[in-house]
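J.: return a 3D structure for these sequence lines:
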Amino acid sequence: MPAFDYLIVGAGFYGSVFAREMTDAGRRCLVIDKRDHIGGNCFTESLGGIDVHRYGPHIFHTNSQRVWDYVRRFAEFHLYRHKVKACCRGRLYSLPINLLTLHQLWGVTTPEQARAKLDSVREPIANPANLEEWALSQAGRDIYGLFFRGYTQKQWGADPRQLPASILKRLPIRLNFNDDYFDDRYQGIPIGGYTTIFEKLLEGVDVRLDTDFFANRGHLEALADKVVYTGPIDRFFDYCRGSLDHRTLRFETQRLAIEDFQGGTIVNYCDTDVPFTRITEFKHFQPSLEQRLSHTIITREYPMPWTRAAEPYYPINSTANEAIATEYRRLKPRNVIFGGRLGSYRYYDMHQVIASALAAVERELGYEKCCRAASPNAVDGLATSAGVCTHGGRVLQRRITGGNRMFQEITREMDSRQSPPVAGSYRLLNSEGRELARNVILHANGGIYTDMHHLRARRWNRPPNLPDTLLCGGTIWRWSDGQMTTANLHALPAQRWRPGTLRRRTTDSSGSGPGCAVLRPQTPVPADRTKFEIVIAKYKEDVAWTECYPNNATVYCKDPQDGRFISLPNTGREYGTYLHHIVSRYDSLSERTLFVQGDPFFHRPLPFCNYAFAQEAFKSDPNFRHSITQAVNWGWADQTADGPVKAAFLRLLERQCDIAEYRFTWGAQFAVSRDLIRRRPREYYQKLYKISQLPDICLAGHRFDNLHIGFLFEFFWENIFCGTDN
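T.: Model (predicted):
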């Protein structure tokens, strides 16, 4: 029997948070790190009384109350608001670009003047294809040349015309005097430095430093049942699918015998003739030291080309790299968990790493293994027995360790020694088995998502002094035999149901009368992404619900402010996202792919298991049929899709256009098999993708804009894949 439950490779935030929570849950963890210290790139050390961040400045910022509360269990924080200045051509400017910056550049003094000036200098580029084009379209040549061109070229070692626009989209242009670098509600620097956090996270955990995983891999892997790996994902597989690109850094630290070097924490240097990108003066992270010490410490930061022998700091988000990373994720062994910036190949900030580690802990503690054995208490074909309950299609252990702080954090008032783990995917039924809601997702953070609306304000927790019950969506539910029951038929969506759908009926108080509602776990979808993949087209939507499908979800994001997911330009609505996925993954598509929007619940999708196990090569909700001659208008008179327009669009798609009716793909939600997609060559989908990037197209003499082209695609997805000419 292995000596440990988990071998955790890397003592950064992901590995340390995972080790803390698993240790508290009674699991045996061994943490190793090839460096001589804990903390990963967040490691801080005291030099002359100043906390210095050895691997560059780290400012903790988040909008997540849960993450903020969690990290403050291990340290007190200076309530620090990050300010940055930019040195360009010998002058200092305020960053991010705000009204003061624009005043320094152009002399404007009001938001209206600034807006007018920006409008006059922006270059009309409808679909920016790279960083330079995006900057010119948003801010014009002066701002691009002064602040962005040189800095990004140094930082990424490439011409801005070769870089994706997403790199800059995180930086706002403000028409007020707000110069906070981050907009997050919670910001701070830990008192005593980050290393103190890691010392507390790893208290009581077996930690071995100066230990290289790859130098003695076989021996180390034999020590534990599972491996949590936070190093470079391509290195784990010995680069068998190719190397992923990174940028690395060189740091030059100096102690200076002066009280203050630059007057603030960070100054960016934007000119290409200055070899470093920024100078950090750590003293300013600690306001109490600014006047007390007669010396200061600064670090210059030099971006460098990356080699396999160098330390990887920044993953380079490109289509080619994402394709390689996806291939590595598909190779993941069952007993391995990948995490952190390098293991996930995601440009995560600290709070995102912590959140992902907590989510991994929830999955490990809540989802043990799937069991389809027959049982007298089987629910949807899954076994349930004493001490075990089904959830989201998996079998869960009801035995929760009393010291597990994670579940206390998630459920607030729940008693972690007794409460059943209920986060997961359900169907809402009445006592006669009639389906009232196809999808109800209870998220581990307490949020509830339903077919008609995701109820952001609603929570689930454990009511005091009521064993085996839960307060879910404001209604008391009874937990028994792997499902939840309540006497309130309108329990979850309540006022959100369409008029006439349900009628209130008399119910008894036991939760078992004719008017009761039942939450029954859905059948599981295949855990192997190569079998079933859920592709999500996101803009501003809350996609936390995807964490109930951790092995299947791929999220493409068109929000320039959100760097957590695969970034795409904000054109083509969801149809552009779907086509991008098909084109970029044509040779490595899953056996079946489900395409949905970021918030699919409004359109009431089928249970995801129905898509996963459908016999049809193309599966969508079959209840929406249109006549080909029916004129459809979305509120814009000049955007009416009548019979000739639809026929012209079908000809553009190279599909049969003499059909009498078609099945409207409601909500752009459908599943399609790999074999059906590949009946058409990649070039066909590339042609359609180019259409999705156009500002408009002309059909039967009418011009349709990019938005309404999306509605036309929504009409004819089935025809795209299932045309009779295949």
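J.: what mean pLDDT does stretch 538-552 have?
T.: Regarding stretch 538-552, the rounded mean pLDDT is 87.
J.: try stretch 571-586
T.: Per-residue confidence for stretch 571-586 averages out to 91 on the pLDDT scale.
J.: with stretch 267-283 instead?
T.: If you average the pLDDT over stretch 267-283, you get 95.
J.: same deal with stretch 144-154?
T.: Mean per-residue pLDDT for stretch 144-154: 92.
J.: from the chain's centre, how far out does that stretch sit?
T.: For stretch 144-154, the distance from its own C-alpha centre to the chain's C-alpha centre is 28 Å (Cα atoms, centre = their mean, to the nearest Å).
J.: residues contacting that stretch, please?
T.: Applying Cβ atoms under 8 Å, 6 or more residues apart in numbering, the set of residues contacting stretch 144-154 from outside is 86, 88-89, 93, 95, 97, 105, 131-132, 135-136, 139, 159-160, 163, 167-168, 268-272, 275, 277, 303. Quick note: C-beta positions are derived from backbone N, CA and C, even for glycine.
J.: which of those residues are buried?
T.: 86, 88, 93, 95, 97, 105, 131-132, 135-136, 139, 160, 163, 167-168, 268-270, 277, 303 (16 or more other Cβ atoms under 10 Å).
J.: how about residue 181, secondary structure?
T.: Three-state secondary structure (criterion: DSSP: H, G, I helix; E, B strand; the rest coil) places residue 181 in coil.
J.: ok, it touching residue 85?
T.: No - at 10.3 Å, residue 181 does not count as touching residue 85 under the criterion of Cβ atoms under 8 Å.
J.: any common contacting residues for the two?
T.: Residues touching both residue 181 and residue 85 (Cβ under 8 Å, 6+ apart) are residue 95.
J.: now the residue nearest to residue 312 when sequence neighbours are not counted: phi and psi?
T.: Take residue 312 and drop its neighbours on the chain: the residue closest to it by Cβ to Cβ, 6 or more residues apart in numbering is residue 246, 3.6 Å away. Dihedral angles of residue 246 (phi, psi; degrees, to the nearest 10) stand at phi -140, psi 170.
J.: downstream of the strand or helix carrying residue 593, the next helix or strand is which one?
T.: Counting by DSSP states H and E, the element that carries residue 593 is strand 592-597. Going down the chain from strand 592-597, the next helix or strand is helix 608-612, by DSSP H and E.
J.: what's in contact with that next one?
T.: Around helix 608-612, the neighbours that count as contacts under Cβ under 8 Å, 6+ apart are 393, 425, 439, 522-526, 531-532, 534, 549, 592, 594, 605, 619, 670-671.
J.: I'd like to know which elements the strand holding residue 593 is packed against.
T.: Packed against strand 592-597 by the contact rule (3 or more Cβ pairs under 8 Å, 6 or more residues apart in numbering; DSSP states H and E) you find strand 532-538, helix 573-584, helix 608-612, strand 670-673, helix 674-677.
J.: mind giving me a markdown table with these and columns for mean neighbour count?
T.: Listed next are these as a markdown table, based on neighbours: other Cβ atoms under 10 Å:
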| stretch | mean neighbour count |
| --- | --- |
| strand 532-538 | 25 |
| helix 573-584 | 23 |
| helix 608-612 | 22 |
| strand 670-673 | 24 |
| helix 674-677 | 16 |
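J.: state the pLDDT value of residue 119.
T.: Model confidence at residue 119, given as pLDDT, is 91.
J.: residues contacting it?
T.: Contacts of residue 119 (Cβ under 8 Å, 6+ apart): none.
J.: that one - that's part of a strand, no?
T.: No - secondary structure assignment (three-state DSSP) places residue 119 in helix, not in a strand.
J.: what separation do you get for it and residue 148?
T.: Here the distance between residue 119 and residue 148 works out to 19 Å (Cβ to Cβ, to the nearest Å).
J.: with residue 650 instead?
T.: Here the criterion is Cβ to Cβ. By it, residue 650 lies 44 Å from residue 148.
J.: swap in residue 359?
T.: Counting by Cβ to Cβ, the gap between residue 359 and residue 148 amounts to 34 Å.
J.: comparing these two, which residue is more hemmed in?
T.: residue 148 (23 against 17; other Cβ atoms under 10 Å).
J.: may I have the strand holding residue 593 as PDB, with CA atoms only?
T.: Backbone C-alpha positions of strand 592-597 (Å, rounded to 0.1, in the frame of the first residue of the first chain) are rendered in PDB as follows:
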ATOM      1  CA  ARG A 592     -19.500  13.700 -29.800                       C
ATOM      2  CA  THR A 593     -19.500  17.400 -29.200                       C
ATOM      3  CA  LEU A 594     -22.200  19.400 -27.500                       C
ATOM      4  CA  PHE A 595     -22.300  23.100 -28.400                       C
ATOM      5  CA  VAL A 596     -24.000  25.600 -26.000                       C
ATOM      6  CA  GLN A 597     -24.000  29.200 -25.000                       C
END
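J.: can you count the residues close to residue 661?
T.: Residue 661 has 11 nearby residues by other Cβ under 10 Å.
J.: for stretch 273-284, which outside residues touch it?
T.: For stretch 273-284, the surrounding residues in contact (Cβ under 8 Å, 6+ apart) are 50-53, 56-57, 87, 151, 154-155, 252, 260-262, 264-269, 289-290, 293, 296-303.
J.: hmm, try it at 6 Å
T.: For stretch 273-284, contacts defined as Cβ atoms under 6 Å, 6 or more residues apart in numbering pick out 50, 52, 57, 154-155, 261-262, 264-268, 289, 296-303.
J.: what's the answer for stretch 333-345, then?
T.: So stretch 333-345 is in contact with 12, 14, 226-233, 244, 315, 325, 348, 353, 360, going by Cβ under 6 Å, 6+ apart.
J.: mind listing what's buried in it?
T.: Along stretch 333-345, these residues count as buried under the neighbour rule (16+ other Cβ under 10 Å): 336-345.
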